[in-house]
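# Generate coordinates for the sequence data below:
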Amino acid sequence: MAKILGVGIATLDIINETDGYPAEDSEQRALAHRQTPGGNVTNTLSVLAQFGHLCHLAAVLAPDAGGTILEETLSQRGLRLDACHRNGFGHTPTSYITLNRKTGSRTIVHHRDLPEFDLNAFLAIDLADFDWLHFEGRHCMDTAAMMALAQAKHPRAVRSLEVEKERPYLAQLFPLADVLFLGRAFAEGRGLHTPEAALRAARDWAPQAVCVLAWGAAGAFVQAPDEPAQAIASTPIETVVDSVGAGDTLIAGTIHARLTGQDWPDAVTFGVRLAEKKLQQIGFDDLNPVNLPEGVLCRLEDLGAADALGVAPIDGVPSVIVVRDGRRVQAFRNTCPHNGSPLARGYRGYTLTRDGQLMLRCTVHNARFSLEGGTCTQGPCPGEHLTPVAIRIEQGRIVLADAPREEAAGASAQGL
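Below is the predicted model:
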C-alpha cells in the first residue's frame, strides 16, 4: 500500500445516457441519468483507492451543494481530502455528459468559474511521506513550480504528469516528470498521427521520463529512456458501454502495478486490461475484483427505470440478465429456451417496448419474453420460460440471493 497525492480538478459529472446522439434543436428522453464525481486525477485516485492505496486529492472544492456532494461521495470512495482547498465562493465545476449507448462515445459540455489549485495551496501539503505524486497538465505556471519544488525537496517520490490537451506554457512541465502519460487526442492535436511519431516527439520533450502513450483501440505504448518502445495490444471489445474515464483508469492501473513491483511493460499491460474492463461497465466502482463482494451482479444505479443489463460473464458472454421495470427488479439466465443460445452477447440489447410494455427479446431468432415469469409470447418457443435467478438488493447492489449478506441490507428486489 502506497501513499499517493493527485493534483488536479474535481468536477461533478451529470450523465445522461441516450439511444443515439441528439440532433440539434431536438428533444430526446434519456434512458438513464446519474451524477458522479469526475475530473482526471479524481477518477485516477478513485480507482487506485480500490487497490488499497492511501489516496489524497489536491483540488479546489466549492461551498455550494455540488461541493457538498463531491466531498461526501469522494470520502465514501476512500479519498482523503485534507489537501483540498475550500474556496469561499464560486460553483463546483460541472461536466454535462451525453453518453451514446449505441457507440459508447461521450460528448462533454464543461462549466467552471472556480480558480485552479495553486502553488500557495500546494505549499501547505507535507510531502514527506508520499510515494507517488500525480499531476494533471493544467494551470501550468503553478504546476511547474509544484513539480520543481517536489523534485528538489522530495526526490524519492515519483512524479507523473498526465497530458490530455494543449495548455499555455505546457512545455515547461515535461522536464520535471519521471513518468509522462500522453493521450492520442493530444498527440494528434500536435500533428503527430502515429504512435511512432508521438513517441519520438516525447523523447525530445522529456528525455528523462518514461513515456506511456494511450492510443485508443490500438492499445498503448511504453518507452523508457534509452530503450526501444514496446506496444501493448488491446483486446477487442464487442460493446463499449461507458468510455468516460477509461484513460484515467489506464493510468491508475499502471501506477498500481508499478507500485507493486511490476516492470513497465507489465504495468502498462495491467493498465490497459483495467481500462478495457472500465469500458464494459458504468462508472468506476468495483474495478478491483478482489474487493467485489461475493455474488454481486451490478449496482442498482446501473439500470434505468426500464432497462436490462447482461452481467456475470462466463467466457466473455453474460450469463445473467438483470431487468428493471419501474420498482421491480428481476433476473433471468441468459439462455433462450428455444435452442440454448444467449439472448444477446453484450452488456445491452436485451429489451424492447411494445404498446408501452417492456419485454425481453432474443436477438438470435427474435423471440419475445414477458417480464411476468419470463414467458415466451412470440417467436419459435411460445409458452416456454426463461429461467429465473433469485436476487436481492443490498446497499445499492443487486446480489445473488444465496450470496453472503453484508451487515446492513437494503430494499427487497420486488419493492424498491
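# Find the residue closest to M141 in space, skipping its chain neighbours.
Y169 (5.6 Å; CB to CB, 6 or more residues apart in numbering). C-beta: built from backbone N, CA, C; applies to glycine.
# check contacts around that neighbour.
C140, M141, A144 (CB atoms under 8 Å, 6 or more residues apart in numbering).
# And the second one, what's its pLDDT?
What that stands for is M141. If you check M141, the pLDDT there is 97.
# same thing with P289?
At P289, the pLDDT value in this model is 58.
# And T36, by the same measure?
On the pLDDT scale, T36 is placed at 88.
# Next up, phi/psi of it, please.
phi -150, psi 160 (degrees, to the nearest 10).
# Look up how far A144 lies from it.
31 Å (CB to CB, to the nearest Å).
# that older thread, any idea how far T143 is from the residue nearest to M141?
Taken as CB to CB, the span from Y169 to T143 is 9 Å.
# so what's E164 closest to, chain neighbours aside?
That would be G183: by CB to CB, 6+ apart, it lies 5.6 Å from E164.
# partners of the one you found in the sheet?
A214 (DSSP bridges).
# In contact with it, which residues?
G183 neighbours (CB under 8 Å, 6+ apart): V163, E164, L213, A214, G247.
# Which stretches in the stretch 301-416 of the chain count as strands?
Counting by DSSP state E, counting those that start in this stretch, one finds strands in the stretch 301-416 of the chain at the ranges 306-314, 317-325, 328-333, 351-354, 357-361, 368-370, 376-378, 391-394, 397-400.
# Mind listing the strands the first one pairs with, and their directions?
So that's strand 306-314. strand 317-325 (antiparallel).
# Please find the angle between the direction vectors of the strand it pairs with and strand 357-361.
170 degrees (axes from the mean of the first three to the mean of the last three CA atoms, to 10 degrees).
# hang on, isn't A157 packed against W132?
Yes. Look at A157 against W132 with CB atoms under 8 Å: they come within range, at 6.2 Å.
# Can you show me the CA trace of stretch 72-82 as PDB?
Output of stretch 72-82 as PDB, limited to C-alpha atoms (Å, rounded to 0.1, in the frame of the first residue of the first chain):
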ATOM      1  CA  GLU A  72     -19.400  13.100   0.700                       C
ATOM      2  CA  THR A  73     -19.000  10.900  -2.400                       C
ATOM      3  CA  LEU A  74     -15.200  11.100  -2.600                       C
ATOM      4  CA  SER A  75     -14.900  10.400   1.100                       C
ATOM      5  CA  GLN A  76     -17.100   7.300   0.600                       C
ATOM      6  CA  ARG A  77     -14.700   6.200  -2.100                       C
ATOM      7  CA  GLY A  78     -11.900   6.400   0.400                       C
ATOM      8  CA  LEU A  79     -10.100   9.600  -0.900                       C
ATOM      9  CA  ARG A  80      -8.500  11.800   1.700                       C
ATOM     10  CA  LEU A  81      -9.500  15.500   1.200                       C
ATOM     11  CA  ASP A  82      -7.300  17.200   3.700                       C
END
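# T269: neighbour count?
Around T269 there are 21 other residues, counting by other CB atoms under 10 Å.
# Buried residues in whatever helix or strand it lives in, which are they?
Take DSSP states H and E as the rule and T269 turns out to sit in helix 264-279. For helix 264-279, a neighbour-count test (16 or more other CB atoms under 10 Å) marks 264, 266-279 as buried.
# For Q230, give the beta-bridge partners.
V222.
# Near it, how many residues? Count them for me, please.
Neighbours of Q230 using other CB under 10 Å come to 14.
# Then G346?
Per other CB under 10 Å, the neighbour tally for G346 reads 19.
# cool, and the one 3 residues further on?
A count of nearby residues for G349, using other CB under 10 Å, gives 15.
# go on, R29?
By other CB under 10 Å, neighbour count at R29 equals 7.
# ok but it is inside a strand, no?
No. Going by DSSP: H, G, I helix; E, B strand; the rest coil, the assignment for R29 is coil, not a strand.
# For it, grab phi and psi.
Here is the backbone geometry of R29 (degrees, to the nearest 10): phi -80, psi 130.
# And the helices in this structure?
Counting by DSSP state H, the chain has helices at residues 40-50, 65-76, 119-123, 140-153, 184-189, 195-205, 246-259, 264-279.
# Just the residues contacting stretch 256-267, thanks.
2, 47-48, 51, 53, 131-132, 158, 210, 222, 224, 230, 232, 253-254, 268, 270-271.
# Thought S341 was touching N334, still the case?
No. Counting by CB under 8 Å, N334 does not reach S341; the two are 9.3 Å apart.
# Same drill for those two, tell me which one is more crowded.
The neighbour count for N334 versus S341, taken as other CB under 10 Å, is higher for N334 (26 against 15).
# for the more buried one, what are its contacts?
Contacts for N334 were tallied using CB under 8 Å, 6+ apart; they are G310, V317, P318, S319, V320, I321, P342, L343, A344.
# Tell me how far it lies from G340.
For N334, the distance to G340 - CB to CB - is 11 Å.
# got it, and E301?
Using CB to CB, E301 is found at 32 Å from G340.
# Kindly report the same for L297.
21 Å.
# who has more neighbours, the two?
Remark: of L297 and G340, L297 carries more neighbours, 21 against 7, as counted by other CB under 10 Å.
# Settle this for me: that one is touching V311, isn't it.
Yes. Under the criterion of CB under 8 Å, L297 makes contact with V311 at 4.6 Å.
# Overlap of the contact sets of these two?
Between them, L297 and V311 share the contacting residues V320, V322, judged by CB under 8 Å, 6+ apart.
# Count the neighbours of R77 for me.
Neighbours of R77 (other CB under 10 Å): 18.
# which residues sit in contact with it?
Contacts of R77 by CB under 8 Å, 6+ apart are P37, S46, A49.
# In TSV, list these along with distance to D113.
TSV is the format used below for the contacts of R77 (distance: CB to CB, whole Å):
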residue	distance to D113
P37	18
S46	24
A49	28
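# Looking at neighbours, which among those is most surrounded?
S46 (29 neighbours).
# Spit out the contact partners of that residue.
Contacts of S46 by CB under 8 Å, 6+ apart are P37, C55, L74, R77, L79, F284.
# Now do it against M147, distance only.
Distance, S46 to M147, using CB to CB: 23 Å.
# Poorly predicted segments of the stretch 151-300 of the chain, please.
289-293 (pLDDT under 70).
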